[in-house]
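Asks: got a predicted structure here, sequence first:
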Amino acid sequence: MSVEQAAAALRGAQQVVVLSGAGMSAESGVPTFREAQSGLWEEFDPSRLATPEAWQADPPFVWAWYAWRVGLVRDVEPNDGHRALAALARTHDVTIVTQNVDDLHERAGSEVLAHIHGSLFEYRCGDCGVRYDAPVEVPSEPVERLDPPTCQACAGDVRPGVVWFGEDLPMDDFQASVEALESLTKGDVCLVVGTSGIVYPAAGMPAIARGAGATVVEINPHESDISDMCDIVVRGSAATTLPALVAALG
Ligand code: OAD
């Protein structure tokens, strides 16, 4: 299916909810979760590092991985896909719900309603949960172990403010996302960009949009677990397809 079909759907839409996943940031140089990792982390599966069990077993090891990812994201730029979504907000009511823990939508000029898997740039105590606002050291070279900062309230280890496998999503972000999807009506569009549709409950969100009567449009170079339930599928990358889509709107 073509960009033109997706553009036709957008032309008739009042509201657009964007659901973005790791593929959204791939062309900025942030590896997706299903890609092999690079360098020091090559042999480690993210689905085993991003767990409460990994953290309990070895906080400095997990903290070092996140410190590397913070440095990586700081050093990259939003891509043309992020910028196209920011531009789309000039003509449409756009709500962004992202699974990404980076800040590339915001840096491209978009407002993000919800980071349903948390953020790389927010930290809290792993023991007492108090927010940690002091600056965090990011080593210039990846290291295999790095002591996490110490909580100022209880001296526990400070952890990344991201959602790990098996953890609940942040309730406010999740509820705001569901409300945005439920408020879509016939003719509105849900744009699903760069997600494999494997990890729930995020993977169930396009179905909420569909249930509300919206047209679900997938942008992904590869088939995903949600491709079958999408009304329009555009096989292309985020950084090429989204600018083409916005240009096609005229
Ligand atoms: P995945 O890494 O599972 O999937 C990335 C998706 O992006 C795949 O469907 C790719 O085909 C697609 N993709 C790759 N390059 C792309 C490009 N240039 N443009 C558009 N799409 C592209 O990432 P997510 O679906 O976001 O959760 O993963 C979901 C969650 O699993 C993550 O948020 C994270 C992860 O483990 C937690 O950490 C809880």
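Replies: Noted; the coordinates are in hand.
Asks: got a list of what the residue in the chain that the ligand sits nearest to touches?
Replies: Residue of the chain nearest the ligand, by CB to the nearest ligand atom: residue 23 (2.3 Å). All C-beta spots, glycine's among them, are computed from the backbone N, C-alpha and C. Residue 23 is in contact with 32, 193-195, 220-221, 237-238, counting by CB atoms under 8 Å, 6 or more residues apart in numbering.
Asks: output the contacting helices and strands for the biggest strand by length in the chain.
Replies: Looking across the chain with DSSP state E, the single longest strand is strand 118-125. Counting contacts by 3 or more CB pairs under 8 Å, 6 or more residues apart in numbering; DSSP states H and E, strand 118-125 packs against helix 59-74, strand 131-132, strand 158-162.
Asks: just send the ones you listed back as CSV, with mean neighbour count and mean pLDDT too.
Replies: As requested, the helices and strands packed on strand 118-125 are exported to CSV (neighbours: other CB atoms under 10 Å; pLDDT from 0 to 100):
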stretch, mean neighbour count, mean pLDDT
helix 59-74, 20, 94
strand 131-132, 16, 97
strand 158-162, 22, 97
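Asks: make CSV out of those and add distance to the ligand.
Replies: Compiled in CSV, the helices and strands packed on strand 118-125 are given as follows (distance: least, CB to the nearest ligand atom, whole Å):
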stretch, distance to the ligand
helix 59-74, 11
strand 131-132, 20
strand 158-162, 6
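Asks: quick revisit: sort out for me which of the contacts of residue 23 are in helices.
Replies: Applying DSSP state H to the contacts of residue 23, the entries found in helices are residue 238.
Asks: and residue 133, how many neighbours?
Replies: Residue 133: 10 surrounding residues under other CB atoms under 10 Å.
Asks: if you skip the residues just before and after it, what's nearest to it?
Replies: In space, and not counting its chain neighbours, residue 133 is closest to residue 123: 7.9 Å by CB to CB, 6 or more residues apart in numbering.
Asks: quick check: the one you found vs residue 148, distance?
Replies: 9 Å (CB to CB, to the nearest Å).
Asks: can you list the strands that the longest strand of the chain pairs with?
Replies: Strand 118-125 has the following strand partners under DSSP bridges: strand 131-132 (antiparallel), strand 158-162 (antiparallel).
Asks: and residue 238, what does it touch?
Replies: Counting by CB under 8 Å, 6+ apart, residue 238 has contacts 20, 23-24, 26-27, 79, 81-82, 193-194, 219.
Asks: show me the strands in the chain, by range?
Replies: Counting by DSSP E, the strands of the chain are 15-20, 93-98, 112-115, 118-125, 131-132, 158-162, 189-193, 215-219, 232-234.
Asks: right, and those strands - which one's nearest residue 86?
Replies: Nearest to residue 86, of all the strands of the chain, is strand 93-98, at 8.6 Å by CB to CB.
Asks: pairing partners for the closest one, with directions?
Replies: By DSSP bridges, strand 93-98 pairs with strand 15-20 (parallel), strand 112-115 (parallel).
Asks: low-confidence ranges in this structure?
Replies: Scanning the chain for pLDDT under 70 picks out 1, 36-41, 43.
Asks: can you list the residues of it near the ligand?
Replies: 21-23, 26-27, 32-34, 46-47, 50, 99, 117, 163, 165, 194-196, 198-199, 220-222, 224, 237-238 (CB under 6 Å from any ligand atom).
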